[in-house]
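[1] Here is a sequence with its predicted model. Questions after.
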Amino acid sequence: MMVVTRSIGKRLTLLLAGVAALLSVLSWSMVTGLAREATQRTQDNVLAASATTIAETLRSEQGAVRLELPYAAFAMLGAISQDRVFYRVTADDETLTGYEDMPPPVPGRQGQVMFDTANYRDAPIRMASISRLVLAGDGPVLVTVTVGQTRDGVGAIAAELSQLAAIFSVAFFLVAVALSAFVAQTSLRPLNEIAAAVSRRGPSDLRPLYREAPADLAPLLNALNRLMDRLQQSIRRSEDFIAEAAHRIRTPLATVRAQAEIALRTVSGEPEKDRLRRIIRAVDESSRSAGQLLDHATVAYRTEDLARDRLDLADLVAQTVAAMEPTAAMRDIHLQVDGVPTPISGDAVLLESAIRNVLDNAIKYAPEDTTVTLGITHAAGAARLTITDQGPGLGDEPVDDLIERFKRGKNTESIVGSGLGLTIAADVLRAHGGRLDLATATNGSGGACVSLVLPLV
Amino acid sequence: MRILGLAIGLIIWSVTAASPLEIEDQRVFPGTSARVLRIISTTDLAVFEPYIRAFQNDHPELSIDYTVVSSSTLHGAIRAGAQFDLAMSSAMDLQFQLANDGYARRYRSGATETLPDWARWRDLIFAFTTEPAVVVINSAFFADLDLPFTRQELIAILRDNPERFGGALGTYDVRESGLGFLFATQEDRSSDAYWRLNEVMGRLGPKLYCCSSLMIEDVASGRLALAYNVLGSYATTRLEQDQSGRMQILQMQDFTNVMLRTVLIPATAKETDAAGAMIDMLVRLGLRDVAGDWPLPSLRAAGLGETTGFGPIRLGPALMVYLDPLNRRAFVTEWENAMEQR
C-alpha cells in the first residue's frame, strides 16, 4: 500500500513562501527602523541648529548675560512639522527665559549638542541642548540652551514610511509566492513527464525508457529501466520454461497414447478396454493443455515483435477448420463456414492459434450432432469472425471474467479444460488492435457466440 | 521649580478669581435651553453679533455668553484656567502660544479639514478671517499733499510737514495691545522702514491706542490725521457709515501685514460640541467665495495677497519668539525710545 505524503511541489512552494514571508517581515522591520532613525536624525539636526542659533546670540552686556531669540531659530522648527515647541535658557542653573519646568538637559561638554527624550506637558518630546561659557560680571557663566519639540511629525513620517514599506513587503511576498509556485511546478515538470510516459505505455511494453532527464532524475530513470529489464527477462524465462515444459510433456504423452491405442486393440476384456479409453482421453486432454500452454507462450513471444503480414481472414478460417475437422467429426459436430475474402494484417500463426482456441472451445462444449457456425462480416472498418455453438452458453457471470487466465465458466464442471483458450485469443486480438466479444447466441439455441474483431486493412 | 510654577499659577488663579476680568463688553444671547456657550473674544460685539445670530438660527437651544476683552487679558484668562468654551482672538502669537503650551483642545471635523494648511495648526487653532493692517487718514489733513502709498513716502510727508501732523498721529500702544504688538514685531521683521517711521512719528508726539475702533473713530472725527496699523475690516465697516466723506483707507504697497483671526477651544471648555459647531460655521464662512454682508473678510479675501504679495502671517512657533520675555522687553524698550521722545 502506498502512503501518500504531501507533494514535493506543495512542500517546495510552502517552503519558499515561508522564506519570502520571513524576508518580507525582515525587510519591513528594517525599513521601519531605518525610517524612524532617519526622521529622528532630521529632527535632531533641526533642533541642534535651532539651539545653536540661539546660543550664538548669547553675549554679556553690563555684566549680565543677554540673549535675543532669533526668529529663524523657531521658524526652522515650524518649517519641518506642526510640532509644539518648548525652550529654556539657563545660566548656572537659573532660568533666564523659557519654560522653567522643562526637563533638565543632559550634561555634556561645552559646545557639544546633547540630545534627550522626555515627557513634557503630556507629550513625548525630543530635546537638544548646547552649553556655552559667557563671561559676565565676576566670572564665566555656563549658559545652556535647550530646545524641545514634540515628536508627532517624526512619528507621522515614520508611520507613513512604515506603512509604505508594509505595502511593498506584502506585494513582494505575493510576487514571491507566485514565483515559488511557478518554480516548484517547473522543477517538477521532468518528473511528471517521466511518470506520464511510463503510465502511457501498454501493459506489456517493457522497453527501456530513453528520454532527456535532469541529472537528479537519471538514477531514478536508470533504476526504473533496470527493473523493467529484469522484469522482462524474468517473464521471458518463465515463458521459455513453460514452452519447454509443454514441449517436453507432449512428446512422452504421444508415446503413451500410441501405446495405449495398441493396447486397446490387443486386449479383449470390456473393463480393460474401457480403462484404456479413459487413459487415452486423459492423455488427450493433457496434450491439449500442454498445447495451449505452448500457444500462450508463443503468443507472449510473438506479440512482443508482432509481424504485420497481409492476410485473408477467410483463408485462415478455412485452414483452421480443415485442421479441426477430424476432432469435430469425432463428436458428430458439423462446422459451417460462411466467409468472404477479408484483408487483414497480422501474424498468421497467432491469429490461427486464436481461431483454433475459440473453435476448440465451441466444439468441446457443443452437444453431439449439432452445428458450429463460423461467419465473417464487415462493419465500420472492422472484420468480425463470429463463432456460434449450440452449447450451454456462457452462464450468468460477467463475460469479461471468462477471458482471465485459468478462469472457467461455472457451468463447465463436467468438461475437462484449462481455462486458457479465451485468454490466448483475447491476447492475440489485443496485440492486433482488435478485441474479443462474448455474447449469448441470438439464434435461440442459448449457445455461446464468440466474436473475434479485427481492424480491416 | 515645579512648586514655583504651581505657586505662580495659584497666584494668577487667585488674582483672576478675586478680581473679575477686565471686561470691555459682555452680552448674553438667550437660547431656549439652559445650555450656554461661553465665548471669550477680542472681536467687538457689534462686529460679531451677526455671527451669533446666524449660529443661533441653527442652534436656537444654545444661549451664548459673549465676553469682549483685550487680547492679553484673554491670553491671561485662558492660561489661568478661566472656564470658556471658545477663545477668539486677533493676536495670533498669543493664541498660538496657548495652543503650543497645551491650553487648547483638539478639534477635527469635515469643515476644519477643508482649511488650507496655513489656516490651522495641529487641529488646535483655526483661522477664519484674513485682515490686513491698513493706514486710515482724514483727507482734510492731506488737502494739498500727495497720498502716501509706501512707508518711504509716508516718512517723507510726515518729516516735511511736522506742524500739520504734530499730535495728530495715532497708532497702537504695543505695551497694551496684543494685536499692536503682533503688527509691530512682524513689521520689524519684514521692513527696515519701520523703525525710521517710528522715529519720525515719535518726534510728532503720537497718540497711543488700545484698540482699532477708537483710533478709527478719532480719524473720522478729525482728531487724528492718520492712524497707522489699524484693522482693515473695522476701517471698512466704519467707512460705510462715515458721513463726512473725509475718511480714507490706504493700503501700503511696499508691505502689508495680514493677520489671521483665530479661534480655539480652551482645555477648560465644557460645551465642546457647541464650540465645534461654532468653529465649523466660522470656518465655512471663512472659506466662502462671495463676500456677502458679513462684517469680517473671508480667508480668500486677503489670503492670496493680491495687494501685498506677502500672504498672511504664518501660524508657527516663530510667533513665540517675540513673546519671549527677554525679547519682548528689548523690543518694547526700543519702541519706547522711538515713540516717546518728548
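    All right, it came through fine.

[2] From now on I want contacts and neighbour counts done on CA atoms only, so please keep to that.
    Fine.

[3] what about residue 133, is that helix, strand or coil?
    Chain wasn't specified; assuming chain A. Under DSSP: H, G, I helix; E, B strand; the rest coil, the three-state class of A:Leu133 is strand.

[4] sorry, should have said chain B
    At B:Ala133 the chain is in strand, as set by three-state DSSP.

[5] Do I have it right that it meets B:Leu260?
    No - using Cα atoms under 8 Å, B:Ala133 is not in contact with B:Leu260, being 10.8 Å away.

[6] out of these two, which sits in the more crowded spot?
    B:Leu260 (27 against 23; other Cα atoms under 10 Å in any protein chain shown).

[7] ok now do the nearest residue to B:Ala193 once chain neighbours are set aside, which residues does it touch?
    Of all residues not flanking B:Ala193 in the chain, B:Arg151 sits nearest, at 6.5 Å (Cα to Cα, 6 or more residues apart in numbering or on different chains). Applying Cα atoms under 8 Å, 6 or more residues apart in numbering or on different chains to B:Arg151 gives the contacts B:193-194, B:197, B:252, B:254.

[8] Closest to A:Phe172 out of those?
    B:Asp254 (56.8 Å; Cα to Cα).

[9] pretty sure A:Ile387 contacts A:Leu374?
    Yes - the criterion here is Cα under 8 Å, and A:Ile387 meets it with A:Leu374 at 4.6 Å.

[10] Just give me the neighbour total for B:Phe29.
    Neighbours of B:Phe29 under the rule other Cα under 10 Å: 15.

[11] element containing the residue nearest to it when sequence neighbours are not counted?
    Distance criterion Cα to Cα, 6+ apart; nearest residue to B:Phe29, sequence neighbours excluded, is B:Ile64 at 5.0 Å. Assigned by DSSP states H and E, B:Ile64 belongs to strand B:63-68.

[12] Please apply the same query to A:Trp28.
    Secondary structure from DSSP H and E places A:Trp28 in helix A:8-56.

[13] Does that helix reach chain B?
    No - legend: contact between helix A:8-56 and chain B by Cα under 8 Å from any Cα of the partner chain is lacking; minimum distance shown is 10.8 Å.

[14] Output the contacting helices and strands for that helix.
    If contacts are counted by 3 or more Cα pairs under 8 Å, 6 or more residues apart in numbering or on different chains; DSSP states H and E, helix A:8-56 sits against helix A:71-80, strand A:123-136, strand A:139-150, helix A:152-200.

[15] how far out from the middle of the chain is the helix or strand that the last one is followed by?
    Past helix A:152-200, further along toward the C-terminus, the next helix or strand under DSSP H and E is helix A:218-266. Distance of helix A:218-266 from its chain centroid, counting by Cα atoms, centre = their mean, to the nearest Å, is 39 Å.

[16] now the angle from helix A:218-266 to helix A:152-200?
    Counting by axes from the mean of the first three to the mean of the last three Cα atoms, to 10 degrees, helix A:218-266 points 20 degrees away from the direction of helix A:152-200.

[17] In the helix or strand following the helix holding A:Trp28, which residues are buried?
    Proceeding N to C from helix A:8-56, the next assigned helix or strand is strand A:59-61, under DSSP H and E. Neighbour-count burial for strand A:59-61, counted by 16 or more other Cα atoms under 10 Å in any protein chain shown, picks out A:59-60.

[18] Listing partners with orientation, what would you give for strand A:59-61?
    Strand pairing for strand A:59-61, using DSSP bridges, gives strand A:64-66 (antiparallel).

[19] which other residues reach the partner strand?
    A:58-60, A:91, A:134, A:136-137.

[20] ok, of the residues you listed, which come out buried?
    A:58-60, A:91, A:134, A:136.

[21] would a markdown table of these with pLDDT be doable?
    As requested, the buried ones among the contacts of strand A:64-66 are exported to a markdown table (pLDDT from 0 to 100):
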| residue | pLDDT |
| --- | --- |
| A:Leu58 | 90 |
| A:Arg59 | 88 |
| A:Ser60 | 87 |
| A:Ala91 | 88 |
| A:Val134 | 89 |
| A:Ala136 | 82 |
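
[22] ok, these vs chain B, which is closest?
    Ranked by distance to chain B (Cα to the nearest Cα), these are led by A:Leu58 at 12.1 Å.

[23] Please report the distance of the closest one from B:Glu334.
    For A:Leu58, the distance to B:Glu334 (Cα to Cα, to the nearest Å) stands at 19 Å.

[24] just A:Glu325 next, same as before
    The value you get for A:Glu325 to B:Glu334, if Cα to Cα is used, is 147 Å.

[25] cool, A:Glu193 as well?
    Distance, A:Glu193 to B:Glu334, using Cα to Cα: 95 Å.

[26] swap in A:Arg226?
    The gap separating A:Arg226 from B:Glu334 is 108 Å, by Cα to Cα.

[27] One more: A:Gly291?
    Separation of A:Gly291 from B:Glu334 (Cα to Cα) stands at 137 Å.

[28] Comparing the two, which residue is more hemmed in?
    When A:Gly291 and B:Glu334 are compared for neighbours, A:Gly291 comes out ahead with 17 against 12, by other Cα under 10 Å.

[29] Next up, the contacts around the residue nearest to B:Phe29.
    The neighbours of B:Ile64, taking Cα under 8 Å, 6+ apart as the test, are B:28-31, B:36-39, B:52.

[30] So which bits of stretch A:371-381 are buried?
    Using 16+ other Cα under 10 Å as the burial criterion, the residues of stretch A:371-381 that qualify are A:371-376.

[31] Perfect, I'm done here.
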